[in-house]
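Participant: Fold the following, please.
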Amino acid sequence: MRHLVLLLSVVGLLMLSACGGEKKKQAEADDAKLQKEMEAMESIVDHIEKLYETIAKHPERSLKRFACQTWWDAVEAVEERDAELEEIGFFNEDLWTQMQDTNPDEFEVRDVLFEELDVEEGTALVDFVLWSPIQTVHQKFRLCQEEGDWRVHDIIRIDEYDDGDESHCDLLEEMTHYLAEPFEEFEEEEEDDDEEEAPQDLDGGFRVSYQGEKPGISDFAGSYLTDMIDSDDDYMEGVMLYRDLHQAMKRQAKGLPLADGETLTVDSRNGYLIYEKSEDGYLNRIEMCFWNEADGKHKLFAENRWAFSSGKPIIGQYDGLSFYRYDNATKMMTPYYMRGLDVGSGTRTYTLPRTGKDIVATIWNDNGTTSQKTLRWDGQKFD
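Facilitator: Numbering: from 1, shown residues only. This next block holds a predicted model:
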């Protein structure tokens, strides 16, 4: 009996020792896995930071090493298709920074969040904010491992709205759909949409004057203002604000101070302008912006003008939101009928996008309250 008890004790000790050994092995395995994940995260963040450092400081250098071959194959196929249109078609802005013109010389990668990470499979999904002095962009990178290095496999753009909602655009998926659509069918559909949804008053058009390879927001604004001033001399009171803006643009371009009560912001990189003039308790505001259409042949230009008294809108003859369509080939801009702007009855004003293409409508209710609705651009109209 004594021998049996001793034997059971020895067996128990061996079992405890084996159990402890297994726990130790598991702990070591967990530590090793965690160490690999930490190293992978550091490597990925470093990869993203070096990407934007290259874009900012060395724009002449190739970015091939930062993305996988699948990504570059799709980008090159899209660019090859767009070349047939003789203009940028799919990419309305820089695919890495979402800017329409020259990138700034400073970027910071902030608020990095790893939503997915599988070191063994070599995949990751990273959410981050790209800060620059010009704008802040929220996006995600889907990464993979290729030739032993982490590389960008896809970009997911995130548009955030004032109501707290947001939309996601998967660029690789959108490029795949774009390339799958027959070229001839694509052109026919665009033409049909133009005829059905965008009746044009060709007699009301005007030519856009510019120097360089392509027009910018100052060129569109200057040509638009010149046309408004020249064609509406009979309505001097309404035209006067356009004259004031035109003069403000000239003074700012020469480095001269603006008149009292005036502010003017011209964001050439994002194709946006806003002018405000305060006088005798009234605030007059003009916004202008433009963006490229997907067909690569046209640009859309918007002018948004409103007057306010005591913070509330006053609807005058010239107040409202209007669109024009610019033809890259003829350099002519003509009135464009835009659908999807109706947000119901009552007084309403609009705010143009400084980045992106979505417009915010503000509804001014009779009881003094206001509400907002984001009108989202779907490529043909607002929805």
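Participant: From the chain's centroid, how far away is stretch 148-168?
Facilitator: Offset of stretch 148-168 from its chain centre (Cα atoms, centre = their mean, to the nearest Å): 10 Å.
Participant: Next up, the contacts around residue 273.
Facilitator: By Cβ atoms under 8 Å, 6 or more residues apart in numbering, the contact list for residue 273 reads 217-218, 221, 264-267, 286-289. All C-beta atoms are positioned from the backbone trio N, CA, C, and that covers glycine.
Participant: try 6 Å this time
Facilitator: 217, 221, 266, 288 (Cβ atoms under 6 Å, 6 or more residues apart in numbering).
Participant: now, the most widely separated pair of the residues you listed?
Facilitator: Farthest-apart pair in the contacts of residue 273 is 266 and 288; separation 9.3 Å (Cβ to Cβ).
Participant: tell me the SS of residue 115?
Facilitator: Secondary structure, DSSP: H, G, I helix; E, B strand; the rest coil: residue 115 is strand.
Participant: now it, nearest residue through space, not along the chain?
Facilitator: Among residues not flanking residue 115 along the chain, residue 125 sits closest, at 4.5 Å (Cβ to Cβ, 6 or more residues apart in numbering).
Participant: For the stretch 101-250 of the chain, give me the ranges with low pLDDT.
Facilitator: Within the stretch 101-250 of the chain, the stretches with pLDDT under 70 are 101-103, 160-165, 181-204, 231-238.
Participant: hmm, back to that, out of residue 266 and residue 288, which sits in the busier spot?
Facilitator: A direct count of neighbours by other Cβ atoms under 10 Å for residue 266 and residue 288 places residue 288 higher, at 23 against 18.
Participant: what helices or strands is the helix or strand where residue 227 lies leaning on?
Facilitator: Assigned by DSSP states H and E, residue 227 falls within helix 217-231. Judged by 3 or more Cβ pairs under 6 Å, 6 or more residues apart in numbering; DSSP states H and E, helix 217-231 is in contact with helix 236-253.
Participant: Try it again at 7 Å.
Facilitator: Secondary-structure packing of helix 217-231 (3 or more Cβ pairs under 7 Å, 6 or more residues apart in numbering; DSSP states H and E): helix 236-253, strand 272-279, strand 282-292.
Participant: which one of the ones you listed lies closest to residue 81?
Facilitator: Ranking the helices and strands packed on helix 217-231 by proximity to residue 81 (Cβ to Cβ) places strand 282-292 first, at 15.0 Å.
Participant: Buried residues, the closest one. List them.
Facilitator: 283-292 (16 or more other Cβ atoms under 10 Å).
Participant: Now for residue 343, how many residues are close by?
Facilitator: Residue 343 has 16 neighbouring residues, counting by other Cβ under 10 Å.
Participant: Next: residue 294.
Facilitator: Residue 294 has 18 neighbours, counted by other Cβ under 10 Å.
Participant: How about residue 117?
Facilitator: Neighbours of residue 117 under the rule other Cβ under 10 Å: 16.
Participant: okay, the helices and strands packed on helix 217-231 in CSV with distance to residue 159 next?
Facilitator: Formatted as CSV, the helices and strands packed on helix 217-231 follow (distance: least, Cβ to Cβ, whole Å):
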stretch, distance to residue 159
helix 236-253, 29
strand 272-279, 16
strand 282-292, 14
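Participant: Return the residues in contact with residue 41.
Facilitator: Applying Cβ atoms under 7 Å, 6 or more residues apart in numbering to residue 41 gives the contacts 114, 117.
Participant: how near is it to residue 69?
Facilitator: Note on residue 41: its distance to residue 69, by Cβ to Cβ, to the nearest Å, is 24 Å.
Participant: Show me the domain layout of the protein.
Facilitator: Using automatic domain parsing, the domain parsing of the chain gives 40-57+65-177, 195-375.
Participant: Can I get the ones you listed in a markdown table including distance to residue 30?
Facilitator: Converted to a markdown table, these look like this (distance: least, Cβ to Cβ, whole Å):
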| stretch | distance to residue 30 |
| --- | --- |
| domain 40-57+65-177 | 13 |
| domain 195-375 | 43 |
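Participant: on that earlier part again, got the buried residues for the helix holding residue 227?
Facilitator: Neighbour counts using 16+ other Cβ under 10 Å place 217-225, 227-229 of helix 217-231 among the buried residues.
Participant: Next: stretch 54-61.
Facilitator: Within stretch 54-61, the residues scored as buried using 16+ other Cβ under 10 Å are 54-56.
Participant: Give me the contacts around stretch 361-371.
Facilitator: 312-313, 343-344, 346-350, 372-373, 375.
Participant: just the CA coordinates of the helix holding residue 227, formatted as PDB?
Facilitator: What follows is helix 217-231, C-alpha atoms only, in PDB (Å, rounded to 0.1, in the frame of the first residue of the first chain):
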ATOM      1  CA  ILE A 217      -9.200  77.200 -60.400                       C
ATOM      2  CA  SER A 218      -7.900  80.700 -60.900                       C
ATOM      3  CA  ASP A 219      -8.200  80.300 -64.600                       C
ATOM      4  CA  PHE A 220     -11.800  79.000 -64.400                       C
ATOM      5  CA  ALA A 221     -12.800  81.700 -61.900                       C
ATOM      6  CA  GLY A 222     -11.100  84.500 -63.900                       C
ATOM      7  CA  SER A 223     -12.800  83.500 -67.100                       C
ATOM      8  CA  TYR A 224     -16.200  83.000 -65.400                       C
ATOM      9  CA  LEU A 225     -16.000  86.400 -63.700                       C
ATOM     10  CA  THR A 226     -15.000  88.200 -66.900                       C
ATOM     11  CA  ASP A 227     -17.900  86.700 -68.700                       C
ATOM     12  CA  MET A 228     -20.400  87.600 -65.900                       C
ATOM     13  CA  ILE A 229     -19.000  91.200 -65.800                       C
ATOM     14  CA  ASP A 230     -19.000  91.700 -69.500                       C
ATOM     15  CA  SER A 231     -22.500  90.200 -70.200                       C
END
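Participant: circling back to that earlier point, filter the contacts of stretch 361-371 to the buried ones?
Facilitator: Buried members of the contacts of stretch 361-371, scored by 16+ other Cβ under 10 Å, are 313, 343, 348-350, 373, 375.
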